[in-house]
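*Asks:* Just need the structure, nothing else, for what follows:
(one chain, ligands or ions: 1)
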Amino acid sequence: MMMRLRPHRRTVLAGLGAALLCPRADALAASAPATRKVGGIEVVVVSDGVLNVPLSFSLPETPLSDAAALFKAHGLPEAGAPSQTNVVLIKSGRERVLIDAGSGPGFQPTAGKLQENLEAAGIAPDSITKVVFTHGHADHLWGAIDDFGDGDRFPNASYVIPAAEWDFWTDPDTATRVPDALKGMALGTARILKMIEKKVERRRNGETVAPGLTYLATPGHTPGHMAVSVTDGGQHLIVGGDVLTNTAISFARPDWRIGADFDRDQGIATRTRLLDQLATDRIALIGFHLAWPGFGAVERAGTAYRFMPL
Ligand SMILES: [Zn+2]
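*Replies:* Have a look, this model is predicted:
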C-alpha cells in the first residue's frame, strides 16, 4: 500500500476525500475477530482498522470511469470501499502466530488498531510466539514496534521474513528505487528491520515458517512477497497477503496494473497464477485487504474470476 514515514498533509487530505465519499468508513471497520478452522488449527482474523487509499494511487494506469463501472457492477461505492486490514492469528498447539503485524499508529488514523482488537478478544500481546511477515510494507510490518516507537509490541515473539524481502528493504539503494510516495515507507521499514534484526529468521519459498505454515513465493507486489500456506488434517488455506487486494478488481480484472505493485507486470503474472491455483484446487483464501474478514473461495467467471465470501 502507499505510505509515508508519518501522515503527510497530502495523504491526509486524500484520505479525507475518500472518507467524505464514504462517510461511514470507520463504521465499516470490523472489531470482533472472525474464526475458521483448518484441520486442528484455529485461524482467527483480527482487524487492524481500515485504510483510505485514493484510486489515483491504486490504479494509476486505468481510467477511473472504468473502475467506477466495475465497482458499481459489484454493488460497491463508485470510488471503491475503504481497504480492510485482515491480520491472521494462527492458534496451533501452544503456538500463537500472527501473519503480519498491522501498521501501528504512524500510518493512517483509521488503522493501527490491532493491539486493542487483540486485547478486546482476550489475546494478550505477550502471548504471541511468532510474527510471520508476508512483505515489508508499512501496513503489514510497522505494527511490530510499539506505539512509543522504541520497543517490541509482541515482546515474546520471534519474527520470520522472506529472505528476498529482507534483502530488498535493508538495501540502502531501495529508497531511491521506489516511487516517491513510497520513499518514506522504505526508510521506515529499514529502520524497523534494524531494530528487530536479532530476532529475525529469514526463510525462502517452500520453507516451514511455523507448524503447519509454509511460505509460498508470490513476487511482484514486492520483490520478496510471500503468501502463507496453512495445512492441517487434509485441509488447506492460503493467506494471500497483498497478491489479491480488492474484492472486485483483483478477481474480475487481474490484468489491471496496480499502483502499489513494485513490478506491475510480475504482479499480474503472480496474481493470475494464484487465482488459477485457488480456483482449480478449490483452496480457501484470506486476503489482507479484502472485504472483512477476507475469507472466501475463488471461482472462475468467464475469462476471469470472482470472490465468494465464506
Ligand atoms: Zn503491500
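*Asks:* Which stretches in the chain count as strands?
*Replies:* 34-38, 41-51, 83-92, 95-99, 130-132, 158-162, 200-203, 208-210, 213-217, 226-232, 235-239, 284-286, 295-301, 304-309 (DSSP state E).
*Asks:* Quick check, Phe133 in contact with Leu141.
*Replies:* Yes - counting by C-beta atoms under 8 Å, Phe133 touches Leu141, with 5.7 Å between them. Quick note: C-beta positions are derived from backbone N, CA and C, even for glycine.
*Asks:* list the residues that contact both of those two?
*Replies:* Asp100, Ala101 (C-beta atoms under 8 Å, 6 or more residues apart in numbering).
*Asks:* near the ion, which residues of the chain show up?
*Replies:* His137, Asp242 (C-beta under 5 Å from the ion).
*Asks:* coming back round to it: just put the strands of the chain in JSON lines and tack on distance to Ala69 and mean neighbour count.
*Replies:* Shown next, in JSON lines, are these (distance: least, C-beta to C-beta, whole Å; neighbours: other C-beta atoms under 10 Å):
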{"stretch": "strand 34-38", "distance to Ala69": "31", "mean neighbour count": "16"}
{"stretch": "strand 41-51", "distance to Ala69": "23", "mean neighbour count": "23"}
{"stretch": "strand 83-92", "distance to Ala69": "20", "mean neighbour count": "25"}
{"stretch": "strand 95-99", "distance to Ala69": "34", "mean neighbour count": "24"}
{"stretch": "strand 130-132", "distance to Ala69": "38", "mean neighbour count": "25"}
{"stretch": "strand 158-162", "distance to Ala69": "36", "mean neighbour count": "24"}
{"stretch": "strand 200-203", "distance to Ala69": "41", "mean neighbour count": "16"}
{"stretch": "strand 208-210", "distance to Ala69": "40", "mean neighbour count": "18"}
{"stretch": "strand 213-217", "distance to Ala69": "33", "mean neighbour count": "20"}
{"stretch": "strand 226-232", "distance to Ala69": "30", "mean neighbour count": "23"}
{"stretch": "strand 235-239", "distance to Ala69": "29", "mean neighbour count": "22"}
{"stretch": "strand 284-286", "distance to Ala69": "25", "mean neighbour count": "23"}
{"stretch": "strand 295-301", "distance to Ala69": "16", "mean neighbour count": "18"}
{"stretch": "strand 304-309", "distance to Ala69": "15", "mean neighbour count": "17"}
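*Asks:* Quick one, which of the ones you listed gets closest to Ala252.
*Replies:* strand 304-309 (5.2 Å; C-beta to C-beta).
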